[in-house]
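**Student:** build the 3D model from these lines:
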Amino acid sequence: MMATRMAAEVGSFVRCGAAAVNRPTRRTLYGKIKPFTVETDPNDDEYISGQRRFPRQNDEQLLRQQQNLHDKEVPAIKSFYTDFTTTNHSRPYHLRKTIRVKTQGKGILTNPLYNKGSAFMHGERDRLGIRGLLPSRMLEMDAQIERVMGHLELEESPIRKYIYLRDLHDRNETLFHRVLVDHIEELAPVVYTPTVGQACMEFGHDYRRARGMYFCHHDHGDMGGMVYNWPEDDVRVIVVTDGSRILGLGDLGANGMGIPIGKLALYCAAGGIAPHRVLPIMFDAGTNCERLLKDKFYMGLQHPRLEGPAYYELLDEFIFAITARWPNVMIQFEDFSSDKAMDVLNRYRGHHLVFNDDIQGTGAVAVAGILSALRQQGKSHTALADQRIVIAGAGSAGLGVASALHAAMVMEGLSPEEASKNFWICDINGVLSSASSVLAGGEKFKRTDATAGMSIAEVIPVVKPTILLGLSAVKGLFTDEIVRMMGEYAERPIIFPLSNPTNNAECTAEDAYRLTDGRVIFASGSPFDPVTIDGRTFVPSQCNNMFIFPGLGLGATICKASQITDKMIHQTAITLADSLTDDERARGQIFPSVKRIRDVSRQIAVTTIVHAVNEGLVHETTLEAMPSDLSVDNEMLHLYVARRMYDPVYTPLVDKVYTTI
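**Tutor:** Residues are numbered from 1 along each chain as shown. Take a look at the predicted model:
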C-alpha cells in the first residue's frame, strides 16, 4: 500500500517536473519556492491545483509527458528531494517534515508558533479539530502578507507600526517573520532601534501579553526548577538584560524587556534561527529610576537595584539554571550598565558560551566599518595601524570599540603599547588621563602627554585625527566646529556617531555631509535618510550590530562552540568588511545593504564555525556531522549552514502520528 502510494506520488512529481519552459519565481501558499516548470504555452492562463500553481495543459501535452515517462528512469524519492532542495534552497511543501503538535482546536489558534490564521488547509482543519473555527475561505500567505503591509501603510507613526507588528508576533510567528524577512530593510528600524527605544519607555503602559521569562530575587533558590516552566527543550539563543542601561535612555528596569524581544526577532529573521529556539529574558534586579518606582503601571519590582554580592549571587544562580537545562545555549548579555557589563562578561566567558553585544558586537561592527571605509579611501586593511582615533564615550560600548580596534592594530603588527598611542578616549572630563577612573580594560588608553584632560574640540587640532567615533549617547556632541575641523585635517574624514536611538546621535548625517562638502565617510548607529547637497545624493550607511550578532549566534550554535573568543569576533569583522558587492562599494557604501542581511549572516556563521574549529572549541562528535573541508571558501560548508537557517514558511501540522514520505 505504501509502495503504491509512493510510486504514484513519484509519477506525479515526474509529470510536473518534465520541463521545457521556465516560469518566474513566485510565492506559493506556503512560502517562496520556484514552481515546477512544465512544457506549455507561457501565455496560457493558470489555475490552482491543491497548493501549487500549475499552468493549464491540453491533452496533447499530457499525452506527450506520459509517453516521456516510459523513456526515463523514475527518480528515487531521496534523489528528487535532494535535487529540489539543492536547486531551490527550500523544501517543497509536500516534502516538509510534518510537525506533531500536542494541542488541537482553539489551542492551535492561540499558539503563535503553530497558528497560520486563515491559511490552514481544509484537511488540516479536520485533523486539528478547527473546522468551523475559522472563516470558510483559505487565504494564501501572499494575501496575508499583502494585508499586513496594507495595515502598516495606514499607520502614521513608527510606534504604531511597532505595536501592530508586536500583535502579529503574538498571533502568528511564521507570518511575522516572513514579513520581516521580505521587508527587512523597511521594518528592521521598526522592530528594533530606533523605535524599540520608545516601545521600552511605554512598555508597562502598553503591556498586552507575556513573552519570554522573568527572573528576580523572589526566585532565589528556585531558578533551577522554574526554567522548566518554559515549554521548549531546544533553546539555542537567549538574550538577557537587567534593563539598567537601555540604549541611551538609561535605567528602564523591566521595561527594557523590549530589547531582548527585538534582538531575537532579528536573530530569527536575519540569522535564520527558528523562533522556538530563542528565549528573551528579563533579569529583574530592581530599578533606580524614580519615575518607575512611582509608576503604578510599571511591570517590574519597585525597589532600588541589587548591588554587590547580592546581585552576582543571583546572577550566578541564573546562569547555572539556564546552562543546566540548555547546556549548548548561547547567552547574549544586552544593555547591562557600564559598571557591570565588562565584569559580567569576564565572569562567565571563560567557561560558558556568552557574548555581550554592546561591547563585542559594537566593537566588531565598528572595526568592519573602518576597514571598509579605508577601502573607500583606496587603502588596504594594513592602513588601520596608521589611524589616529578620537572616541567620545568611555563607557562599556566606547571601551569595547576601542579594545576591538586596538586588538586589530596589534594583529596588523603593532605592539600593544604602540597601538594604545593611536587612541584619545574622552569622557565627561576630557581625554582619559592617569587620574581618570576607568572601567576594566580602559587602563591602556590613559594618556600621560599634554592631551590628557583636553576636550574633544581641544584635542582635534592637536592630534589631527583621521577617525572620530561617538558612543556617548549625547545628542549633538559633535558640533559644527568639530565636524568642520575633521574635514580640515583629513581629506576624507571618517565620522561614526554610533549612539542609539537616532535622537541620541552625536551629529546628523546632513550636518556631517554639509560641513565637509560631502567628503566625509559616514555611518551611524541608527538610520538616517539620504542627504542631497548641490545635486549630489548621499546614502548614509548604518553601522548596526545586526550585521554581526545573528550570524555569530547562528554559527556558534550550529557547531556547538564552547566559547566565543576575541579572535573569532575579529574574523567576523573582516568577513563583514569583505561581504560588500562591487556595486555596493561603487555607491560609496561601507556596509552591505540590509536587504542582503541573511546572506551576510550565512557568511559570518561560516567564519564563526571555521575559527571555532581551528581554536579547538568544537567537540569531535559535532565535527563528525559537518563537511570534512572546513574552510570559509568551501561551498559545501556554506550549503550546510544555509540548510540549517530557519525559513518562515508554513509547515504541515498533525495532532497524532502521521507518516510522510
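
**Student:** going forward, measure contacts between C-alpha atoms and count neighbours the same way
**Tutor:** OK.

**Student:** so which residues of the stretch 301-450 of the chain form strands?
**Tutor:** All strands of the stretch 301-450 of the chain, identified by DSSP state E, counting those that start in this stretch, fall at 330-333, 354-356, 389-392, 423-427, 430-431.

**Student:** please apply the same query to the stretch 451-600 of the chain.
**Tutor:** Using DSSP E, counting those that start in this stretch, strands in the stretch 451-600 of the chain cover 467-470, 494-497, 521-524, 531-533, 536-538, 541-542.

**Student:** do I have it right that residue 239 meets residue 281?
**Tutor:** Yes. At 6.2 Å, residue 239 counts as touching residue 281 under the criterion of CA atoms under 8 Å.

**Student:** need the overlap of contacts for those two.
**Tutor:** residue 260 (CA atoms under 8 Å, 6 or more residues apart in numbering).

**Student:** more crowded one of these two?
**Tutor:** More crowded of residue 239 and residue 281, by other CA atoms under 10 Å: residue 239, with 27 against 23.

**Student:** assumed that one was part of a helix.
**Tutor:** No. According to DSSP: H, G, I helix; E, B strand; the rest coil, residue 239 belongs to no helix; its state is strand.

**Student:** ok, now which ones touch it?
**Tutor:** So, once contact is read as CA under 8 Å, 6+ apart, residue 239 ends up touching 260, 263, 264, 279, 280, 281, 331, 332, 333, 334.

**Student:** ok, 10 Å please
**Tutor:** Applying CA atoms under 10 Å, 6 or more residues apart in numbering to residue 239 gives the contacts 212, 257, 259-264, 267, 278-282, 330-334, 354-357.

**Student:** show me which of the residues you listed are buried.
**Tutor:** When these are checked for burial by 16 or more other CA atoms under 10 Å, the buried set is 212, 257, 259-264, 267, 278-282, 330-334, 354-357.

**Student:** show me where the stretch 251-400 of the chain has helices.
**Tutor:** Here the stretch 251-400 of the chain has its helices, by DSSP state H, counting those that start in this stretch, at 258-271, 290-293, 308-325, 338-348, 362-376, 396-411.

**Student:** out of these, which comes closest to residue 428?
**Tutor:** Comparison of the helices of the stretch 251-400 of the chain against residue 428 by CA to CA identifies helix 396-411 as nearest, at 12.7 Å.

**Student:** so that closest one versus strand 423-427, what angle?
**Tutor:** Here helix 396-411 runs at an angle of 170 degrees relative to strand 423-427 (axes from the mean of the first three to the mean of the last three CA atoms, to 10 degrees).

**Student:** average model confidence for helix 396-411?
**Tutor:** Averaged across helix 396-411, pLDDT comes to 93.

**Student:** please identify the buried residues of that helix?
**Tutor:** For helix 396-411, by 16+ other CA under 10 Å, it's 396-410.

**Student:** and if you look at stretch 415-435?
**Tutor:** So stretch 415-435, judged by 16+ other CA under 10 Å, has buried residues 419, 420, 422, 423, 424, 425, 426, 427, 430, 431, 432, 433.

**Student:** could you do stretch 608-626 as well?
**Tutor:** Result for stretch 608-626 [16+ other CA under 10 Å]: buried residues 608, 609, 610, 611, 612, 613, 617, 618.

**Student:** and the helix or strand hosting the first one, what does it pack against?
**Tutor:** Spelled out, it's residue 608. Per DSSP states H and E: residue 608 is located in helix 597-614. Here helix 597-614 touches helix 184-191, helix 258-271, helix 549-558, helix 566-578, helix 635-642, going by 3 or more CA pairs under 10 Å, 6 or more residues apart in numbering; DSSP states H and E.

**Student:** so where's the protein uncertain?
**Tutor:** By pLDDT under 70, the weakly predicted segments of the chain are 1-93, 656-661.

**Student:** much appreciated, bye for now.
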